[in-house]
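> below is the sequence, then the predicted model.
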Amino acid sequence: MKKTLCILLCAVLLAGCFTPAFAADAALSAEEPAAAAAAQYPLVIARGMDFDGIYTVNDAGEKVLCFHGITAGGIIKTLGKTVKNAFTMGLRHGFAAAAVDYVWEVMGDMACGTDGRSVKDVRCDRYFGSMARFEDFWSGVHENESKEDALVRTACETVGAENVYYFTYDYRLDPFELADDLRDWIELAKTEHGTDRVTLVNCSMAGVITDCYLYKYGASSLAKVLFLSSTFCGTDMATEILQKQVGTDETLLENYLRTLLGDRAVIRLLRRTGLLKTAANVLNRFVSAEIDYVFDACMRDIFGTMLSYWANVQPGAVDDAVACLFPTQEEKETYAVLIEKIYRLKTVMENRETLLSALPAQGVAVAVVAGYNSSPVPIYPGAGMQSDGILDTRWMLGGAAVTPMGTASSPGNALTSPDGNVDLANVLFPQYTWAIRDCGHVPVQYGSDCSRLIMQILTYDGQPTVESFAEFPQFFTVDAKTKNLLS
């Protein structure tokens with residue numbers, strides 16, 4: 001169970017991809033921003049976090065992924081080590097110690113140093129130029145592919161590869177510094193097309209990079225911005241876990257199983273027999289006993305040094321999270337450079353509401369698209385609320401009011417979803433925001449209805465609103481597998 005705890009903790013932080021609630025009223029003005037279609041402005045797509053996106057190079061010149069993957073053989077080896085540790089270390093840390101060793105084996109190459117920079121020579125494939133130069137890449141995206149690569153292929157086929165630019169990056173690093181790289185891609189697209197602006201799509205983790213870009217460079221180079229399953233307003237996941245707010249209950253476990261398996265009889269049986277409650281109680285007891293050890297042994301130096309996660313912590317929680325991860329004076333001194341960068345990110349995020357809400361008045365067309373009705377990994381309090389299976393729905397939508405997973409309520413107003421689960425009345429951009437039930441994270445499966453909506457938003461001449469596309473109202477439901485509309 002302790003092995004499971006550690007792996008689940010790491011899986012949660014790896015998942016996100018990772019928004020104070022904004023009450024800014026962005027109602028339509030009499031004059032909509034005059035943003036041009038994607039055919040007039042080049043399109044820059046900023047990727048989210050990708051487990052397969054970063055690698056080292058061995059002596060033979062071969063790429064070796066930094067995330068080595070959890071295998072059956074590794075789990076069996078870990079289980080064997082727990083038996084040995086039980087005799088040599090005692091019961092308290094024996095099981096967790098074996099899991100920690102395995103986590104370092106699987107994820108150790110991802111660790112950053114005490115200054116937030118990569119420990120190893122980690123690289124990612126870069127595409128500095130229009131996709132016309134990289135046809136082998138985008139044309140080879142499989143027709144069953146989803147997420148960002150599928151979006152790139154769809155965009156190339158829709159507006160022409162010469163108009164599409166793909167920004168990839170090492171997602172572990174400081175978004176404040178990655179914003180400079182994003183600027184390089186934007187400036188290149190502008191120069192090659194002789195335009196003064198671009199259309200920007202920020203997917204998942206790229207949301208906090210976009211925040212930093214706006215803070216450092218403003219919005220003058222942007223014609224349109226699409227926040228797609230974006231962390232542009234932070235996440236509960238990073239906020240809570242970096243404060244060691246870890247635990248579960250039977251409802252969280254049930255919701256997670258339903259997301260994975262559907263409404264199966266076995267899940268109802270587990271609930272009725274009390275096995276889910278028992279599992280939650282056992283996990284919580286081990287969390288209470290082992291969480292400090294797990295954080296000290298691996299979480300701080302694998303995940304606590306990744307500044308991308310810190311960028312997703314809500315600004316008001318940064319002080320507590322820093323005190324939690326670096327409690328001693330010695331640790332504060334050891335990680336002083338990292339902590340300084342954390343507070344630099346906090347300054348950016350304290351200003352993001354002002355930066356974001358000002359976009360329409362600056363002539364930037366805006367759109368927000370995110371999903372709900374899928375449960376994330378159920379080991380932090382916020383996992384009980386609406387999610388797309390990875391990140392928190394309320395923050396991906398810019399400050400929505402949402403219900404707990406598995407509940408329903410009556411719609412309270414025209415900006416509430418028909419199932420009552422999402423209320424957009426107080427989000428940043430209520431008339432420019434789409435909430436899609438069951439679409440999952442970054443819902444751009446190639447050839448799907450979700451992909452068609454994204455391309456219609458990007459190629460719309462001007463500011464798209466929730467009334468711009470009759471087929472795609474503000475709230476709709478798709479098939480979770482195909483991402484196609486359900487009637």
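Cool, got the structure.

> do you have the helices of the stretch 51-200 of the chain handy? List them.
For the stretch 51-200 of the chain, helices defined by DSSP state H, counting those that start in this stretch occupy the ranges 72-88, 91-107, 135-139, 147-159, 175-193.

> let me see the contact set for residue 137.
Contact partners of residue 137, counting by Cβ atoms under 8 Å, 6 or more residues apart in numbering, are 127, 131, 152. No exception for glycine: its C-beta is placed from N, CA and C like everyone else's.

> which one of the residues you listed has the most neighbours?
Counting neighbours by other Cβ atoms under 10 Å, residue 152 leads those with 27 neighbours.

> which residues does residue 252 contact?
Here residue 252 is in contact with 280, 375, 378-379, 383-384 (Cβ under 8 Å, 6+ apart).

> just flag the most distant two among those residues.
280 and 375 (14.0 Å; Cβ to Cβ).

> between the two, which is the more surrounded one?
Set side by side, residue 280 and residue 375 show more neighbours around residue 375, with 24 against 20, by other Cβ under 10 Å.

> secondary structure of residue 376: a helix, I assume?
No. Read with DSSP: H, G, I helix; E, B strand; the rest coil, residue 376 is coil and lies in no helix.

> tell me how far it lies from residue 94.
Applying Cβ to Cβ, to the nearest Å, the value for residue 376 to residue 94 is 29 Å.

> neighbour-wise, which of these two wins?
residue 376 (29 against 18).

> phi and psi next, for the more buried one.
Per-residue torsions, residue 376: phi -80, psi -180 (degrees, to the nearest 10).

> still on that earlier bit, now the helices of the stretch 51-200 of the chain in CSV, with distance to residue 214 and mean pLDDT?
CSV is the format used below for the helices of the stretch 51-200 of the chain (distance: least, Cβ to Cβ, whole Å; pLDDT from 0 to 100):
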stretch, distance to residue 214, mean pLDDT
helix 72-88, 42, 81
helix 91-107, 31, 83
helix 135-139, 27, 95
helix 147-159, 21, 95
helix 175-193, 9, 98
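
> so who does the residue lying farthest from the centre of the chain touch?
For the chain, the residue at maximal distance from the C-alpha centroid (Cα atoms, centre = their mean) is residue 87, at 40.6 Å. By Cβ under 8 Å, 6+ apart, the residues touching residue 87 are residue 94.

> also residue 206?
Applying Cβ under 8 Å, 6+ apart, the residues contacting residue 206 are 46-48, 167, 182, 230-231.

> pLDDT score for the nearest residue to residue 187 once chain neighbours are set aside?
Nearest non-adjacent residue to residue 187, counting by Cβ to Cβ, 6 or more residues apart in numbering: residue 221, 7.5 Å away. Note on residue 221: pLDDT of 98.

> how would you label residue 316: helix, strand or coil?
helix.

> tell me the pLDDT of it.
In this model, residue 316 carries a pLDDT of 97.

> neighbours of it, how many?
12.

> could you do residue 108 as well?
Counted with other Cβ under 10 Å, residues neighbouring residue 108 total 16.

> do residue 447 as well
When neighbours are counted by other Cβ under 10 Å, residue 447 registers 17.

> that one reaches residue 145, doesn't it?
No. Taking Cβ atoms under 8 Å as the definition, residue 447 is not a contact partner of residue 145, at 9.7 Å.

> residue 223: which element?
Using DSSP states H and E, residue 223 sits within strand 222-228.

> any idea how far that strand is from the chain center?
Averaging C-alpha positions (Cα atoms, centre = their mean, to the nearest Å) puts strand 222-228 17 Å from its chain's average.

> packing partners for the helix or strand following it?
Of the helices and strands lying after strand 222-228 in sequence (DSSP H and E), the nearest is helix 236-241. Here helix 236-241 touches helix 2-14, going by 3 or more Cβ pairs under 8 Å, 6 or more residues apart in numbering; DSSP states H and E.

> do me a favour and average the pLDDT over the helix or strand following the helix it packs on.
Next helix or strand after helix 2-14 toward the C-terminus (DSSP H and E): strand 43-46. For strand 43-46, the mean pLDDT works out to 98.

> could you do stretch 288-304 as well?
On average, stretch 288-304 scores 91.

> could I get the CA-only coordinates of it as CSV?
Written as CSV, here are the backbone C-alpha positions of stretch 288-304 (Å, rounded to 0.1, in the frame of the first residue of the first chain):
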residue,chain,number,x,y,z
SER,A,288,-0.6,10.0,7.9
ALA,A,289,2.4,7.8,8.8
GLU,A,290,4.5,8.1,5.7
ILE,A,291,3.8,11.4,3.9
ASP,A,292,6.7,13.2,5.5
TYR,A,293,9.1,10.4,4.7
VAL,A,294,7.9,10.2,1.1
PHE,A,295,8.2,13.9,0.5
ASP,A,296,11.7,14.0,2.1
ALA,A,297,12.8,10.9,0.1
CYS,A,298,11.6,11.7,-3.4
MET,A,299,8.8,14.2,-3.8
ARG,A,300,10.8,17.3,-2.9
ASP,A,301,13.7,16.6,-5.2
ILE,A,302,11.7,15.1,-8.1
PHE,A,303,8.7,17.3,-8.2
GLY,A,304,9.3,20.1,-5.7
